[in-house]
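S.K.: just need the structure, nothing else, for what follows:
(2 chains)
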2 protein chains.
Amino acid sequence: MLYAVIMAGGVGTRLWPLSRKNRPKQALRLIGERTMFQHAVDRLAPLFPPERIFVVTSDLMADLLRPQTPELPADNFILEPMGRDSAPAAGLAAIHLLRRDPDAVMVMLTADHYIVDTGQFRAALDAAGQVATAGPIVTLGIRPNYPATGFGYIRLGEAQTIVNGFRVYASAGFTEKPDVATALSFLESRRYVWNSGMFIWRADRLLAEYAAQLPELHAALARIAAALGTPAAGQVLAAEWPNVTRISIDYGIMEHAQDVSVIPVEIGWSDIGSWAAVHDVLPRDENGNVTVGELVALDTHGCYVRSERSEGRLVATIGLKDLVIVDTPDVLLVCPKERAQDVRELVNLLAARGKLERL
Amino acid sequence: MLYAVIMAGGVGTRLWPLSRKNRPKQALRLIGERTMFQHAVDRLAPLFPPERIFVVTSDLMADLLRPQTPELPADNFILEPMGRDSAPAAGLAAIHLLRRDPDAVMVMLTADHYIVDTGQFRAALDAAGQVATAGPIVTLGIRPNYPATGFGYIRLGEAQTIVNGFRVYASAGFTEKPDVATALSFLESRRYVWNSGMFIWRADRLLAEYAAQLPELHAALARIAAALGTPAAGQVLAAEWPNVTRISIDYGIMEHAQDVSVIPVEIGWSDIGSWAAVHDVLPRDENGNVTVGELVALDTHGCYVRSERSEGRLVATIGLKDLVIVDTPDVLLVCPKERAQDVRELVNLLAARGKLERL
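M.R.: Residues are numbered from 1 along each chain as shown, chains lettered A, B, ... in the order given. So this is what the prediction gives:
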């Protein structure tokens, strides 16, 4: 049976000042009136009924996220005592799924992507599930439309089969984020896709991969799994998790895993990593502006302007181009769209100055 | 005796959103911790004792301004029922002064200028007072340092005398705001000075000028003057003022007045007419920024950033140049310094859209 597991543990520093330590990116209404987390759940229906949608997150975030998806069973929130990056989180989900279903096939997703063509997305997951059931690790690869340097790439190997109309390739290797020249050569070769971070695997296959490549993590997961369903479950998890090494799925297993398949997809996928990306995915007005809240503008083009409507704020602009303005009750951010990545640097600066109440 | 009369009736639209209908420019703390009105009063001491400083304003504004200058006698606030531009306001002040002192010499000032060299300013007023006592209308002319198109100019005629070290010239005529080419020729000729709007005249001379050039205004002022000190004073003023024609001193009398003298001064004078001007007169940090409130900035240069410290706001900027950011509790303005004049247009747009609560 196919299960979705949404990783919802991150903060999203580059979406500061809207994202904060206690209001992470997945809880934000960046696109319309639904939060990123709600979008992540919404687009799984009807392929996944709510009982087969799981969420890995922390206690704190679960309190924030649970009320957003009343349709999900409360038990489907799998809680980490603390974030340990994606490999431990996926492993924790895998042992929970295996308790229910020894043949569980797990779709690993994140709450901070945006997907326009959700029908095509579900069709791809269905195809990937069929492939993964037989054993391979499957990943969805995004057909690149520009030479991005912010993503890892996967090289397509030989074509293996076609499922639901999707061509399935063997993976010929994962690469880290390339420089511009390399990214351009990848784009032109048409043999590379972006690593979307969306993986589909049998839960038992994942654990086998950990046994081979991450034996310490595998051992910790085995001890946690042994306690699941007993009164000691929470205690064992709390004892093990602080000692688990932080490591991502990509570094932890994908670089060396064998029998990996890739399904290239064109689903209107975006990694909503920065304010520039938010501006890019939203419909713009005739001046290229995206506005949340009340704006009065003269000669203003290509801007993302967000203020808190509930605060009764008015933003007035004259003669601006390609600027991001994010106005929250205690912090105002103004920066060019092309500098949106540097919000992280600004947040680091604030942390260094001890302005913790702003983070 | 020399009396100062400060005109404090305007709003200062181009300093929106800090200036509002109920919080005019002269009540704003644009430069340090004193309001523009307080600066206007402060710089008159010790040449003028408080009893000889008068203010022409409206009921509403007097309530705002009186508490700012507890040293001024309450009666020295001369109240207009409504604004009628500068000629009627000056006339109203003149009839009040003449009741106290038939030889009153009146210095007409505004509350929205900034003057760096206040010692030189007072010395010039003292000199102008000496000249005006004998009859001429005297005006302080500002030596231009760039080809401004936003000011009227006065052409210097023959040199008449030197008082307190100030050279006094006959006026060879007032001109309206010139185009750039004309302004440049004025600057190069060294025969023109900016019309600062600071005039010095005997009160009786001013009324004689009105009798000749603005007979209707003169008649209205005569009726108001006749009632001063009687129980009917307020009633007469309230009856006359709505029918008084709006007209400025410049258009109303200066263009045709005879026997006008000009004293060119270099006193670090600025007309604080826009946010660009506010930025220009204030000390800048090493990046050319002027900040009021809390700012955290990366690669930000030549900006004026103002937020309300009392609201606990933090402004964060990345990669900005020559931008004005004015953050008030209900409105945020962002515009390039070079577009600061267009704030007026934005305010007009808001008025047209019926957003009266923002004005």
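S.K.: for the stretch 51-200 of chain A, which segments count as helices?
M.R.: Under the criterion DSSP state H, counting those that start in this stretch, the stretch 51-200 of chain A carries helices at the ranges A:59-65, A:86-100, A:118-133, A:180-189.
S.K.: compare those helices and say which comes out lowest on pLDDT.
M.R.: Taking the mean pLDDT of each of the helices of the stretch 51-200 of chain A, the lowest value is held by helix A:59-65, a mean of 89.
S.K.: what is that helix packed up against?
M.R.: Counting contacts by 3 or more Cβ pairs under 8 Å, 6 or more residues apart in numbering or on different chains; DSSP states H and E, helix A:59-65 is packed against strand A:53-58, strand A:77-80. Glycine gets a C-beta too; all of them are placed from N, C-alpha and C.
S.K.: run the last query once more with 6 Å
M.R.: Under the contact criterion of 3 or more Cβ pairs under 6 Å, 6 or more residues apart in numbering or on different chains; DSSP states H and E, the helices and strands touching helix A:59-65 comprise strand A:77-80.
S.K.: in TSV: the helices of the stretch 51-200 of chain A, plus mean neighbour count and distance to B:A257.
M.R.: Written out in TSV, the entries for the helices of the stretch 51-200 of chain A read as follows (neighbours: other Cβ atoms under 10 Å in any protein chain shown; distance: least, Cβ to Cβ, whole Å):
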stretch	mean neighbour count	distance to B:A257
helix A:59-65	17	73
helix A:86-100	22	82
helix A:118-133	20	78
helix A:180-189	14	70
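S.K.: as TSV, these with distance to A:V262 would be great.
M.R.: Below are the helices of the stretch 51-200 of chain A laid out as TSV (distance: least, Cβ to Cβ, whole Å):
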stretch	distance to A:V262
helix A:59-65	30
helix A:86-100	18
helix A:118-133	10
helix A:180-189	14
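S.K.: domain ranges for chain A?
M.R.: Following automatic domain parsing, one gets these domains for chain A: A:2-271, A:275-358.
S.K.: could you work out the end-to-end span of the longest one for me?
M.R.: Start and end residues of domain A:2-271 are separated by 24 Å (Cα to Cα, to the nearest Å).
S.K.: what does stretch A:29-37 rub up against?
M.R.: Taking Cβ atoms under 6 Å, 6 or more residues apart in numbering or on different chains as the criterion, the residues outside stretch A:29-37 that touch it are A:8, A:26-28, A:65, A:68, A:111-112, A:278.
S.K.: find the pair from the residues you listed with maximum spatial separation.
M.R.: With Cβ to Cβ as the measure, no two of those lie farther apart than A:L65 and A:V278, at 19.8 Å.
S.K.: where do the strands sit along the stretch 201-350 of chain A?
M.R.: A:260-265, A:269-271, A:290-292, A:294-298, A:304-307, A:314-318, A:323-327, A:331-336 (DSSP state E, counting those that start in this stretch).
S.K.: helices or strands up against the fourth one?
M.R.: Packed against strand A:294-298 by the contact rule (3+ Cβ pairs under 6 Å, 6+ apart) you find strand A:314-318.
S.K.: one more: the second one?
M.R.: Of the remaining helices and strands, those touching strand A:269-271 by 3+ Cβ pairs under 6 Å, 6+ apart are strand A:113-115.
S.K.: show me which residues of the strand it packs on are buried.
M.R.: Residues of strand A:113-115 classed as buried: A:113-115 (neighbour count, 16 or more other Cβ atoms under 10 Å in any protein chain shown).
S.K.: what do you get for stretch A:321-329?
M.R.: Buried positions in stretch A:321-329, judged by neighbour count with 16+ other Cβ under 10 Å: A:323-328.
S.K.: also within reach of chain B: list those from these.
M.R.: Applying Cβ under 6 Å from any Cβ of the partner chain, the subset of the buried residues of stretch A:321-329 adjacent to chain B comprises A:D327.
S.K.: which of the buried residues of stretch A:321-329 lies closest to A:M82?
M.R.: Within the buried residues of stretch A:321-329, proximity to A:M82 (Cβ to Cβ) peaks at A:T328, which comes in at 26.7 Å.
S.K.: check contacts around the closest one.
M.R.: Under the criterion of Cβ under 6 Å, 6+ apart, the contact partners of A:T328 comprise A:P17.
S.K.: isn't A:G173 right up against A:G157?
M.R.: No. Judged on Cβ atoms under 6 Å, A:G173 makes no contact with A:G157 at a distance of 8.1 Å.
S.K.: look at the closest residue to A:E240 other than its chain neighbours and report its pLDDT.
M.R.: Spatial nearest neighbour of A:E240, excluding adjacent residues (Cβ to Cβ, 6 or more residues apart in numbering or on different chains): A:A220 at 4.6 Å. In this model, A:A220 is scored at 98, pLDDT.
S.K.: next, count neighbours for A:W16.
M.R.: By the measure other Cβ atoms under 10 Å in any protein chain shown, the count of residues near A:W16 is 24.
S.K.: where does chain A come near chain B, residue by residue?
M.R.: Taking Cβ under 6 Å from any Cβ as the criterion, chain A approaches chain B at residues A:298, A:314-319, A:327, A:331-336, A:339, A:342, A:346, A:358.
S.K.: wait, A:F186 sits on A:Y153?
M.R.: Yes. When contacts are counted by Cβ under 6 Å, A:F186 is listed as touching A:Y153 (5.4 Å).
S.K.: which neighbours do these two share?
M.R.: Residues touching both A:F186 and A:Y153 (Cβ under 6 Å, 6+ apart) are A:Y192.
S.K.: was I right about A:A297 contacting A:T317?
M.R.: Yes. With contact defined as Cβ under 6 Å, A:A297 counts as touching A:T317 (4.7 Å).
S.K.: hang on, the earlier thing: so how far is A:A226 from the residue nearest to A:E240?
M.R.: 11 Å (Cβ to Cβ, to the nearest Å).
S.K.: the two: who's more crowded?
M.R.: For A:A220 and A:A226, the more surrounded residue by other Cβ under 10 Å is A:A220, and the numbers stand at 24 against 13.
S.K.: got any ranges where the stretch 251-359 of chain A has weak pLDDT?
M.R.: Regions of the stretch 251-359 of chain A meeting the criterion pLDDT under 70 cover residues A:309-311.
S.K.: and with 90 instead?
M.R.: Along the stretch 251-359 of chain A, segments meeting pLDDT under 90 span A:255, A:271-273, A:308-313, A:329, A:355-359.
S.K.: ok, now the stretch 1-150 of chain A?
M.R.: Along the stretch 1-150 of chain A, the parts satisfying pLDDT under 90 run over A:9-13, A:21-24, A:32, A:59-61, A:112, A:145, A:148-150.
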